[in-house]
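Chemist: sequence first, then the predicted structure, then my questions.
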Amino acid sequence: MNTLSHRLGFSPTKLLIVAGMLVAAAILMFSVANKPEEISAYPDSRVLRTAMQDGISYKLADDGNVFRVIDERGTWTWVDRIFDPDEMARQFIRDGEGWMVVDLESGQRYPLSKHFEDSFEGVAEGVDGLRSLIGEERKWTEFTLQSPETPEVPDYVALRTRILKEHASFLDASVAPSQLHSHTGEQSLRCVCPAKTSRMICTKASIGTSLIGFEQDDDVWFQAWFLIDGATRPMTLADLEGRHVKQSPGLRLMLFEGEYLGVELKALDKPKYQQSAESRVSFPIDRWVQVTMHAYLHPDRGHVQIWQDETLVVDEHGPTLPFAGMLYNNLEVGISAHAYGDKSAELYVDDILITTTPLRDIKQE
């Protein structure tokens, strides 16, 4: 049967077609043979974000288009379209204080929650357990296994389809419940990710849900237990993303320099919220580590805090949303990117929780 993510229109193939890129990425793609047409500047009320690149100003408008500003003439030229507001209006519907996502084929609506948790109990180990996690009962909607065996989007999408529909097994990457390690209960999520080849940017072994919904001015709390088995640390542990925008920008919980816990906003000039060089703490291996992240969501006045076990290691202010009004509707956990070294990485994840309820007393920190 089709996965819940496919029924909701969240397949990676469609994402590459429907949406656009954020400002910085769009700038890199801006290359035309002829002089671009200049248009009158939009009113300020329609501008969602202004960004500077190499001394040039770029504007993101509410119609999803990115423009380059021609200061000397007060005009704009088109660069790229980063999202489709009409598509968003059809697929995301306000429901009271929250949101619902619409299956565009059937018309069925699914609520986007501000609370999601899982400890990976009550299902089989291995690939059979992974199949049990995907669907409306557990509310995981996708998984990604990008590896030397499946290096491109069509490759790993085809593998996912074979695993879910044809009961195929894993190749060189895997993400599945396992009893090899657990923080509580009998199982955790085991992510095994091979090293990338020289032609790849990274490899991936992760699971995700597109049934969450966090927006501007929300306080998001994420907590999970992680165990790195062996000496190879992956680059990332979790991502909070907006899947209705091309390349799924958002907050990435990662290990900077392959060792130090922090957060990067995958958008604009990629602001990084890192530990200070004077007091930074290495992320341990071969033991369970509790990671807690608090993010106040705002395109300018955001706030990021990260605890490693009981220690507050990051407490920084800055953008936590790519642009005003953006919705984060996807949580990806596991190895969403492995780019360090030439050896495989093995990560275990347990007791995942994302919510708006405070998980730490931040007033006492």
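Modeler: Everything's here; your move. Numbers count the residues shown, from 1 in each chain.

Chemist: switch to C-alpha atoms for all contacts and neighbour counts from now on
Modeler: OK.

Chemist: got a pLDDT number for residue 105?
Modeler: pLDDT recorded at residue 105 is 88.

Chemist: again, but for residue 97
Modeler: Residue-level confidence at residue 97 comes out at 87, pLDDT.

Chemist: again with the one 4 residues further on
Modeler: In this prediction, residue 101 carries a pLDDT score of 95.

Chemist: what sits against it?
Modeler: Under the criterion of Cα atoms under 8 Å, 6 or more residues apart in numbering, the contact list for residue 101 reads 8, 91-93, 109-112, 211.

Chemist: residue 62 too?
Modeler: With contacts defined as Cα under 8 Å, 6+ apart, residue 62 is in contact with 46-48, 85.

Chemist: how about a cut-off of 10 Å?
Modeler: Contact criterion Cα atoms under 10 Å, 6 or more residues apart in numbering gives 42, 45-49, 83-85, 323-325 as the residues in contact with residue 62.

Chemist: highest neighbour count among those residues?
Modeler: Counting neighbours by other Cα atoms under 10 Å, residue 323 comes out on top of the contacts of residue 62 with 23 neighbours.

Chemist: I'd say that residue and residue 83 touch.
Modeler: No: Residue 323 sits out of contact with residue 83 when judged by Cα atoms under 10 Å, with a separation of 11.5 Å.

Chemist: what ranges do the helices span in the chain?
Modeler: In the chain, the segments counted as helices under DSSP state H are 4-7, 12-18, 23-29, 85-91, 126-133, 153-165.

Chemist: lowest average pLDDT across the ones you listed?
Modeler: For the helices of the chain, mean pLDDT drops lowest on helix 12-18, to a mean of 32.

Chemist: where does the prediction get shaky in the protein?
Modeler: In the prediction, the chain carries residues with pLDDT under 70 at positions 1-35, 363-365.

Chemist: if we go to 50?
Modeler: Of all residues in the chain, those with pLDDT under 50 make up the ranges 1-3, 9-33, 364-365.

Chemist: could you give the number of residues near residue 248?
Modeler: If you count neighbours by other Cα under 10 Å, residue 248 ends up with 24.

Chemist: quick one on the thing from earlier: next step: the contacts of residue 101 restricted to strands.
Modeler: 92-93, 109-112 (DSSP state E).

Chemist: now rank those by neighbours and give me the top one.
Modeler: By neighbour count, taken as other Cα under 10 Å, the most surrounded of the ones in strands among the contacts of residue 101 turns out to be residue 112 (22 neighbours).

Chemist: that one: what's it in contact with?
Modeler: With contact set as Cα under 10 Å, 6+ apart, residue 112 has these partners: 92-95, 98-101, 210-214, 329-330.

Chemist: the same query, at a cut-off of 6 Å, please.
Modeler: Residue 112 sits next to 99-100, 211-213 when contact means Cα atoms under 6 Å, 6 or more residues apart in numbering.

Chemist: which one is residue 202 nearest to, not counting chain neighbours?
Modeler: Nearest residue to residue 202 in three dimensions, chain neighbours excluded: residue 339, at 4.7 Å (Cα to Cα, 6 or more residues apart in numbering).

Chemist: mind checking how far that neighbour is from residue 352?
Modeler: Separation of residue 339 from residue 352 (Cα to Cα, to the nearest Å): 24 Å.

Chemist: do residue 244 as well
Modeler: 24 Å.

Chemist: so which of the two has more stuff around it?
Modeler: Using other Cα under 10 Å as the criterion, residue 244 and residue 352 rank with residue 244 on top: 27 against 19.

Chemist: tell me the contacts of that one?
Modeler: Going by Cα under 6 Å, 6+ apart, the list of residues near residue 244 is empty.

Chemist: can you pull the contacts of the closest residue to residue 94 other than its chain neighbours?
Modeler: Taking Cα to Cα, 6+ apart, and ignoring the residues beside it in sequence, residue 94 has residue 100 as its nearest neighbour in space, at 6.3 Å. Residue 100 makes contacts with 92-93, 110-112, as judged by Cα under 6 Å, 6+ apart.

Chemist: tally of neighbours for residue 37?
Modeler: Neighbour count of residue 37, defined by other Cα under 10 Å: 9.

Chemist: what sits closest to it if chain neighbours are left out?
Modeler: Looking at residue 37 with Cα to Cα, 6+ apart, the closest residue is residue 77, at 6.0 Å.

Chemist: circling back to that earlier point, how about a markdown table for the contacts of residue 100, with distance to residue 135 added?
Modeler: Shown next, in a markdown table, are the contacts of residue 100 (distance: Cα to Cα, whole Å):
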| residue | distance to residue 135 |
| --- | --- |
| 92 | 19 |
| 93 | 21 |
| 110 | 12 |
| 111 | 14 |
| 112 | 14 |
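
Chemist: from the residues you listed, pick the one nearest residue 284.
Modeler: Sorting the contacts of residue 100 by distance to residue 284 puts residue 112 at the head of the list, at 34.0 Å, by Cα to Cα.

Chemist: partners of the closest one in the sheet?
Modeler: Per DSSP bridges, the residues bridged to residue 112 are residue 99.

Chemist: start at 757, not 1
Modeler: Sure, I'll start counting at 757 from here, so that last one is residue 868.

Chemist: how close does it sit to residue 1017?
Modeler: When distance is defined by Cα to Cα, residue 868 is 28 Å away from residue 1017.

Chemist: same check on residue 967?
Modeler: Between residue 967 and residue 1017 the computed distance is 26 Å (Cα to Cα).
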